[in-house]
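Engineer: 3D, please:
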Amino acid sequence: MIARLIVAGVNVVRLNFSHGTAEEHIQRAEIVRKIAAQLNRPIGVLCDLQGPKIRIGKFEQGKITLKMGDIFILDADCPLGRQEKVGLDYKSLPQEVSAGQKLLLDDGRIVMEINRVQGNKIHCVVITGGVLSNNKGINLQGGGLAADALTQKDREDIKTAVALEADYIAISFPKNAADIEYAKSLIRKAGGTASLVAKIERAEAIDHLEVMIDASDAIMVARGDLGVEVGDAAVPGLQKRMIRMARAQNKLVITATQMMESMITSPIPTRAEVSDVANAVLDGTDAVMLSAETASGQYPLETVQAMHRVCVEAEKDYFSQAEFSAPDNVFLHTDESVAMAAIYTAQHLNVKAIATLTQSGNTAQWLSRADNEVPIYALSPDKVARRKLTLYRGVYPYPIDQAGKSRDEILREMEGVLLQNGVVEKDDLVIFTFGEPIGSPGGTNTFKIIKIGEHRVT
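Structural biologist: The predicted structure is shown next:
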């Protein structure tokens, strides 16, 4: 099934560290990488940390049913829940809430208003009832809970993610840039090179968006918990704002949560889900993410096929609203200037493709921010860089062997890679970008327009 999902269009596989053991995650990553190698496709691995999910405890009978008007107690000292109360895994909750505030349980399906807080007990009245079962999550409407973004489990899971050579590590519930910098330091201390994804899902994170985006390598518009905290009506506007801000800061952005939710049990999506995925593409997102649909749903292959179909169709009508430039048209980096020159040329010349020779992927990232209709082929000898490049919108990574080759030999090699993969034909115009002297890491400073077939290809 994993092989079929990759063929259907999956570029990055997410391992959810809220479930499973370290050994299981390592084994799954190995399976993904083995299949990707067999298919000769680069596939990224994203490890998603659980974070401080604030949950209730367990019930004697596993679940209860609450009705509007019921009195219910969240008791930090309760070992096993009954009809009138339940325990808390986050023992500090009674000290962080007060009368009049609303608690949202089970992703907002059950709503309670706090009457009073007495010691370690939170006395509530049920506003919206329903079935409440073991270990359901709790959100405070409007946000404001002080739980640290990285738990002890997360710190151990970072070591596991580094051990399996994760390409991306996502931190759950960060409040500010300091949380992101701390996670980065733990990744580097463990010897990892993974890029960090900040999941924006706390209300208070909205007030620090710019610095959080700046501190991270990518962000995830995590619409589930965010919608519970800020209200569902606010999420679409925030999604557009976050995507716009991330792209302006040259950062990657993933849009996630319930994108094809009905396909957990249905072989076809709803029209609303199709519109949701398409709108994320039209907003400018780099990636759209599936969760339960492929992790535990009945139709994982059909879901990926449907999402792929919608993305391809939406891209036909995508027009960027952003200017690909630094403020006041001043570029701060040479590779940004070269990327802009390549994009401008591609838009005014009948160019079939842009091929960038890259070690780090930076130039490919600048190129992908430009919303160019011309495909970008990132040629890199580094397998880790190629796996990371799988998340960049409009970028297709390919391996290239440049060891010991001269400038002209490498240019012929670049041409050969494009021809061998069937992405260009003889007489096509192609833009190459690269750094000189060849082989020096960093510093793309050259672009060249060539006609395929003019030189002998090795």
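Engineer: which SS class is Lys426?
Structural biologist: coil (DSSP: H, G, I helix; E, B strand; the rest coil).
Engineer: residues contacting the residue at minimal distance from the centre of the chain?
Structural biologist: Centroid-nearest residue in the chain, with CA atoms, centre = their mean: Ile254, separated by 3.8 Å. Remark: with contacts taken as CB atoms under 8 Å, 6 or more residues apart in numbering, Ile254 is in contact with Val197, Ala218, Ile219, Met220, Val221, Thr285, Asp286, Ala287, Val288, Met289, Leu391. Yep, even glycine has a C-beta here, placed from its N, CA and C like the rest.
Engineer: just the pLDDT for Ala370.
Structural biologist: For Ala370, the model assigns a pLDDT of 79.
Engineer: for it, grab the count of nearby residues.
Structural biologist: Other residues within reach of Ala370 by the criterion other CB atoms under 10 Å amount to 24.
Engineer: my read: it touches Ala341, true?
Structural biologist: No: under the criterion of CB atoms under 8 Å, Ala370 is not in contact with Ala341, lying 11.0 Å apart.
Engineer: in which helix or strand does Lys53 reside?
Structural biologist: Per DSSP states H and E, Lys53 falls between elements, in no helix or strand.
Engineer: my guess is it meets Phe17, correct?
Structural biologist: No: proximity of Lys53 to Phe17 does not meet the contact threshold set by CB under 8 Å, at 11.1 Å.
Engineer: and the two? Which one has more around it.
Structural biologist: Set side by side, Lys53 and Phe17 show more neighbours around Phe17, with 24 against 18, by other CB under 10 Å.
Engineer: could you export the contacts of Ile254 as JSON lines, including secondary structure?
Structural biologist: Compiled in JSON lines, the contacts of Ile254 are given as follows (three-state DSSP):
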{"residue": "Val197", "secondary structure": "strand"}
{"residue": "Ala218", "secondary structure": "strand"}
{"residue": "Ile219", "secondary structure": "strand"}
{"residue": "Met220", "secondary structure": "strand"}
{"residue": "Val221", "secondary structure": "strand"}
{"residue": "Thr285", "secondary structure": "coil"}
{"residue": "Asp286", "secondary structure": "coil"}
{"residue": "Ala287", "secondary structure": "strand"}
{"residue": "Val288", "secondary structure": "strand"}
{"residue": "Met289", "secondary structure": "coil"}
{"residue": "Leu391", "secondary structure": "coil"}
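Engineer: out of those residues, which comes closest to Val228?
Structural biologist: Checking those against Val228 by CB to CB gives Val221 as the nearest, at 14.3 Å.
Engineer: okay, now the closest one: neighbour count?
Structural biologist: Residue crowding around Val221 was assessed by other CB under 10 Å; the count is 26.
Engineer: check Glu181 too.
Structural biologist: Applying other CB under 10 Å, I find that Glu181 has 13 neighbouring residues.
Engineer: phi, psi for it please.
Structural biologist: Main-chain torsions, Glu181, degrees, to the nearest 10: phi -60, psi -40.
Engineer: ok, and the closest non-adjacent residue to it?
Structural biologist: Among residues not flanking Glu181 along the chain, Ala215 sits closest, at 5.8 Å (CB to CB, 6 or more residues apart in numbering).
Engineer: ok, that neighbour touching Ala177?
Structural biologist: Yes: here Ala215 lies in contact with Ala177, judged by CB under 8 Å, at a distance of 4.1 Å.
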